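Chemist: Need a 3D model of the following:
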Amino acid sequence: MEVRSAGSHCRFARLGWGLMNVQEALDAWQAQYTGQPPVGFMLRFSHDAVWTRLNSLGERDEATDSAVAQAAARFDAVASALFTGATVLVLALEIEPSEDDVAMLRTLGIDPMTPPDSWIEALSAYLPDPGRVEYRATTLTWRRGCLDTLWLAVANDLIGRIAVFCPATGDAFLPYGGLADLFIWGTDRRAKVRDRFREWLPNGTSTAAPTRVLAGARRG
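Modeler: Below you'll find the predicted structure:
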């Protein structure tokens, strides 16, 4: 019932007057992020000045049910602080699509899309066959709780990469596993978000290159 409720909430929001369609929002993403795919560690290199990392699960070695629920709640809190009332683009990249993933995304109204050529080209350095990645997207008016089911899947490491992007501000939220990458444009707004969620900031956030690549990894 939770899935149907969350999905219907988001689909209803999509019907609002003046809501930007997927292609318009995607064009805005391409302009804001220089044609790069919505993958956090790739964006950190080119947009480090606007990047903030959150550790939603802290330093736990294992994600218990309560820790996963807490992470999902924190994802929603941060996204709501950034996006409430705004039109957002929700992007999903399924590196190894599964029936469960596709069913969840379809229920939430996140439908297949054709990716920009620049994404496939950029991912070719990390994936043996970037053409196999399945891309999905939707636009919606953000309301707190509208993607709760998806946040649980992200926190449980049961879904591919997810990104939420606001064309009006350029801000992007990319959660995965127990972490999240935020790209917030505007010094004052970025400072306010960091202050509001300072307990979830890691100690000594690093922009060092990741040691793990995407090849063979569907998660994280």
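
Chemist: State the distance from the residue positioned nearest the centre of the chain to Asp195.
Modeler: The centroid of the chain falls nearest to Ala163 when counting by CA atoms, centre = their mean (2.1 Å). Computed as CB to CB, to the nearest Å, the Ala163 to Asp195 distance reads 24 Å. No exception for glycine: its C-beta is placed from N, CA and C like everyone else's.

Chemist: Quick one: low-confidence residue ranges for the protein.
Modeler: Along the chain, the parts satisfying pLDDT under 70 run over 1-18, 56-63, 204-220.

Chemist: which residues in it form helices?
Modeler: Assigned by DSSP state H, the helices in the chain fall at 2-14, 22-32, 40-46, 65-83, 99-107, 117-123, 148-155, 187-196.

Chemist: do you know which of the ones you listed lies nearest Leu91?
Modeler: Among the helices of the chain, the nearest to Leu91 by CB to CB is helix 22-32 (7.8 Å).

Chemist: just to revisit the earlier point, show me what the residue nearest to the centre of the chain is bridged to.
Modeler: As for beta bridges, Ala163 partners with Leu91 under DSSP bridges.

Chemist: ok, back up a step: could you point out which of the helices of the chain sits nearest Asn203?
Modeler: helix 187-196 (13.5 Å).

Chemist: Report the distance from that closest one to the chain centre.
Modeler: Distance, stretch centre to chain centre, for helix 187-196: 19 Å (CA atoms, centre = their mean, to the nearest Å).

Chemist: tell me which residues in that helix are buried?
Modeler: Neighbour counts over helix 187-196 (16 or more other CB atoms under 10 Å) mark Arg190, Val193 as buried.

Chemist: quick revisit: out of the helices of the chain, deepest packed?
Modeler: Neighbour counts (mean count of other CB atoms under 10 Å) averaged over each of the helices of the chain peak at helix 148-155, with a mean of 23.

Chemist: just checking, what packs against that helix?
Modeler: helix 2-14, helix 65-83, helix 99-107, strand 172-176 (3 or more CB pairs under 8 Å, 6 or more residues apart in numbering; DSSP states H and E).

Chemist: and with 10 Å instead?
Modeler: Applying 3 or more CB pairs under 10 Å, 6 or more residues apart in numbering; DSSP states H and E, one finds that helix 148-155 makes contact with helix 2-14, helix 65-83, helix 99-107, strand 161-165, strand 172-176.

Chemist: Dump those to JSON lines, plus distance to Thr52.
Modeler: JSON lines is the format used below for the helices and strands packed on helix 148-155 (distance: least, CB to CB, whole Å):
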{"stretch": "helix 2-14", "distance to Thr52": "25"}
{"stretch": "helix 65-83", "distance to Thr52": "10"}
{"stretch": "helix 99-107", "distance to Thr52": "26"}
{"stretch": "strand 161-165", "distance to Thr52": "15"}
{"stretch": "strand 172-176", "distance to Thr52": "10"}
